[in-house]
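Undergrad: fold the following.
(one chain, ligands or ions: 1)
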Amino acid sequence: MDFKVKYFQGILVLFLFIFSSCNAQTKTDSNQITNTLVGGPCEGCEAIFEYDNRKLTHIDTLPDFYKEGVKIKVEGTIYQPDGKTPAKNIILYVYHTNQEGVYAPKENAKGWAKKHGYNRSWIKTDKNGHYSFYTLKPAPYPNRSDPAHIHYTILEPNGKYYWLGSCHFKGDTLLTKNEIKPDSPRGGSSGLLILKKEGDLYVGRRDIILGLNIPNYE
Ligand SMILES: [Fe+2]
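TA: Got it, this is the predicted structure:
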């Protein structure tokens, strides 16, 4: 008899454990954000999810900044689609070539670091929508097919992620008309940086409006 009671109690405890686990799982799932690529196809946009578990901040320094070259700071404000309200907690992924114009991977590179090289960063806007990063002005590709540029990808807290046009540098002789003044700049910004000297640094600004000129943004 005792054995039967204990057996029954065991089954009951097991049932309650499974039931509570399932219930907890359901709650977790309902809180999860679904990441959605918008704005058309994008090779490598998923690299925005490769940040490590360190706390992301609104200021970062890329590895090349400590080498020889033109030291730059790129800063800006990211706004909500209304173009006025600062957008906090937006993750911005940037990457660029080194001083040889190459996306050089480190020896132990994994994931998209193999293609995007070591000069990359994930920055998260603060409550004022501000972001900034320090790095060296990149060099154009060795065959000089494109002007020097910094790639930008955005991830919003709602899970939408998409590419923006790259940052370029005013005065670069490799720039085309479309890079200087695109018809419908994604995020409302051509990305053309006008560098101004501030001490040892050259500072450029790029503000962004979320979703502007991004197809299927809704
Ligand atoms: Fe590139």
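
Undergrad: quick one: residues contacting the spatially most central residue of the chain.
TA: Residue closest to the average C-alpha location in the chain (Cα atoms, centre = their mean): residue 93, at 2.3 Å. By Cβ atoms under 8 Å, 6 or more residues apart in numbering, residue 93 lies in contact with 47, 48, 51, 120, 121, 122, 151, 152, 153, 154, 155. For every residue, glycine as well, the C-beta is placed using N, CA and C.

Undergrad: so, low pLDDT: which residues of the protein?
TA: For the chain, the stretches with pLDDT under 70 are 1-31.

Undergrad: where exactly do the helices run in it?
TA: 2-31, 113-116, 177-180 (DSSP state H).

Undergrad: residue 71: which of the contacts of residue 93 is nearest?
TA: residue 121 (15.1 Å; Cβ to Cβ).

Undergrad: what's around the closest residue to that closest one other than its chain neighbours, how many residues?
TA: Nearest non-adjacent residue to residue 121, counting by Cβ to Cβ, 6 or more residues apart in numbering: residue 60, 4.6 Å away. By other Cβ atoms under 10 Å, 19 other residues sit near residue 60.

Undergrad: measure the residue nearest to the centre of the chain to residue 131 for me?
TA: Residue 93 sits 11 Å away from residue 131, taking Cβ to Cβ, to the nearest Å as the criterion.

Undergrad: now do the contacts for the residue lying closest to residue 112 once chain neighbours are set aside.
TA: Spatial nearest neighbour of residue 112, excluding adjacent residues (Cβ to Cβ, 6+ apart): residue 47 at 3.6 Å. Residues in contact with residue 47 (Cβ under 8 Å, 6+ apart) are 93, 95, 111, 112, 113, 116, 120, 153.
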